[in-house]
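Enquirer: How does the following fold in three dimensions:
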Amino acid sequence: MSPVLELACDLIARRSVTPVDAGCQDAIAARLSSVGFRVERLRFGEVDNLWAEHDAGLPGPTLVYAGHTDVVPSGPESAWLTPPFEPVLRDGVLFGRGAADMKGSLAAMVVAVEGWISAHPVHPGRIAFLLTSDEEGAAIDGTVRVVDRLSAAGRRIDYCVVGEPSSEERFGDVIKKGRRGSLNGRLVIEGVQGHVAYPHLARNPVHQGLPALAELVAIDWDTGNADFPPTGLQISNIHAGTGADNVIPGQCELLFNFRFSTEQTPAGLMERVEALLRRHRLDYHLDWRLSGLPFVSREGALLASVGSALCEVTGHRPRASTGGGTSDGRFIARICPEVVELGPTNSTIHKVNECVPVHELEALVAVHTGVLERLFGGAALRGSEPC
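Expert: Coordinates of the predicted model:
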């Protein structure tokens, strides 16, 4: 097996269901240490985090490779063609939980950096890894805690590549230059429980809430901007009743989520929603949880380097997007002006029979190597490369 395939298989075989790391960071730390990285283990609560840094003592920028070793649960293992934590190679495709999200991507990062540092042990600037086992879960004791620690120490990050699976139709067609914000709401509409035959003695919170909800989901919040698609709201869960068909419910509870652009603020969205609920005279309780603010990276050396390296390897230029879900890039953007997400195709992430074509992992190694050459090795940002 090639080095990247061998490491990807090793990581997939470790049952690192969030927030468990299952030794993934130990395996990566050992490899990074062997090429001169100084490794620091940071455990917060039940979460394992790793900060590893290679500094040859020469002035220059800091590039961080960021990612997560945890994966989502596999679901019923009987639904998989092969056991989810037993990596299987079939027709040039690697199957296993985390193959695309994001153990294959981690393997490509590590192999590329190993090779590049072995060839350039004395390089300008610093190259670092920030890994966590808390990205797929609560994301409370993971990357955000490490970023807080770096910030408190006055550490500067110039560039960050996050290994999320960014590609859509083919490898390298899309990279992420930012993400929308995420705001969650838990709404409870209060009513009065009663018998369905005597509605005058009850108050149905579903009936009362439906006009307000219909108005809420019909709102056009904004039209987006040059960097972001329009802000959107989705109701993800709704529940009312006891399970009986002859009881008017006493409560209606629903969960909803905003994915919002820089045209909005959390405070502004909250106020508009609550003003609507008050106008409909609902008896309600509403709890809010902000998962992340929107961010967009400035146009700079990192975006140019990634685009140029992808062009050289794949023959086409990527489209820079801010769509999709959230990532730990939202935390790193607090202390880093240029954050780019680059990874394999995402069509099977979180699914049964998750997989990644091996040629994408090999191409990722080449792209990461090209980015290192452009940022640290003096290679030109060949902006005129034909694609």
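Enquirer: Let me see the domain layout of this structure.
Expert: Domain assignment for the chain by automatic domain parsing gives 3-179+294-376, 181-292.
Enquirer: of those, which approaches C387 most closely?
Expert: With CB to CB as the measure, domain 3-179+294-376 is the member of those nearest C387 (4.5 Å). C-beta coordinates here come from the backbone N, C-alpha and C atoms, glycine included.
Enquirer: could you give the mean pLDDT of that closest one?
Expert: Per-region confidence: domain 3-179+294-376 scores 96 on mean pLDDT.
Enquirer: export the domains of the chain to TSV and tack on distance to C387?
Expert: What follows is the domains of the chain, written out as TSV (distance: least, CB to CB, whole Å):
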stretch	distance to C387
domain 3-179+294-376	5
domain 181-292	22
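Enquirer: I'd like those as CSV, with mean neighbour count appended.
Expert: Shown next, in CSV, are those (neighbours: other CB atoms under 10 Å):
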stretch, mean neighbour count
domain 3-179+294-376, 20
domain 181-292, 15
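Enquirer: nearest spatial neighbour of A27, skipping sequence neighbours?
Expert: D10 (6.0 Å; CB to CB, 6 or more residues apart in numbering).
Enquirer: mind checking how far that neighbour is from L94?
Expert: Using CB to CB, to the nearest Å, D10 is found at 12 Å from L94.
Enquirer: Could you do F331 as well?
Expert: 29 Å.
Enquirer: and the residue nearest to G23 when sequence neighbours are not counted, what does it touch?
Expert: Among residues not flanking G23 along the chain, R14 sits closest, at 5.4 Å (CB to CB, 6+ apart). Going by CB atoms under 8 Å, 6 or more residues apart in numbering, R14 touches 21-24, 27, 85.
Enquirer: re earlier: what about the residue nearest to A27, is that helix, strand or coil?
Expert: Per DSSP: H, G, I helix; E, B strand; the rest coil, the secondary structure class of D10 is helix.
Enquirer: hey, where'd the helices end up in the stretch 251-387 of the chain?
Expert: Along the stretch 251-387 of the chain, the stretches classed as helices by DSSP state H, counting those that start in this stretch are 266-279, 301-314, 329-332, 358-376.
Enquirer: The last one to helix 301-314, inter-axis angle?
Expert: Angle, helix 358-376 to helix 301-314, by axes from the mean of the first three to the mean of the last three CA atoms, to 10 degrees: 140 degrees.
Enquirer: Tell me the gap between helix 358-376 and the middle of its chain.
Expert: Taking the mean of its C-alpha atoms, helix 358-376 sits 20 Å from the chain's own mean (CA atoms, centre = their mean, to the nearest Å).
Enquirer: got the CA coordinates for it in CSV?
Expert: The C-alpha trace of helix 358-376 is given here as CSV (Å, rounded to 0.1, in the frame of the first residue of the first chain):
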residue,chain,number,x,y,z
VAL,A,358,-7.8,6.2,-3.3
HIS,A,359,-6.7,8.4,-6.2
GLU,A,360,-8.2,11.4,-4.3
LEU,A,361,-6.0,10.7,-1.3
GLU,A,362,-3.0,10.5,-3.5
ALA,A,363,-3.9,13.7,-5.2
LEU,A,364,-4.4,15.4,-1.8
VAL,A,365,-0.9,14.5,-0.8
ALA,A,366,0.4,16.2,-4.0
VAL,A,367,-1.8,19.3,-3.5
HIS,A,368,-0.7,19.7,0.1
THR,A,369,2.9,19.3,-1.0
GLY,A,370,2.3,22.0,-3.6
VAL,A,371,0.9,24.4,-1.0
LEU,A,372,3.9,23.9,1.2
GLU,A,373,6.3,24.6,-1.7
ARG,A,374,4.4,27.8,-2.5
LEU,A,375,4.2,29.1,1.0
PHE,A,376,7.6,28.0,2.3
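Enquirer: Determine the set of other helices and strands touching that helix.
Expert: Where contact means 3 or more CB pairs under 8 Å, 6 or more residues apart in numbering; DSSP states H and E, helix 358-376 is packed against helix 3-12, strand 58-68, strand 93-95, helix 104-119, strand 124-132, strand 159-162, helix 301-314.
Enquirer: All set, thanks.
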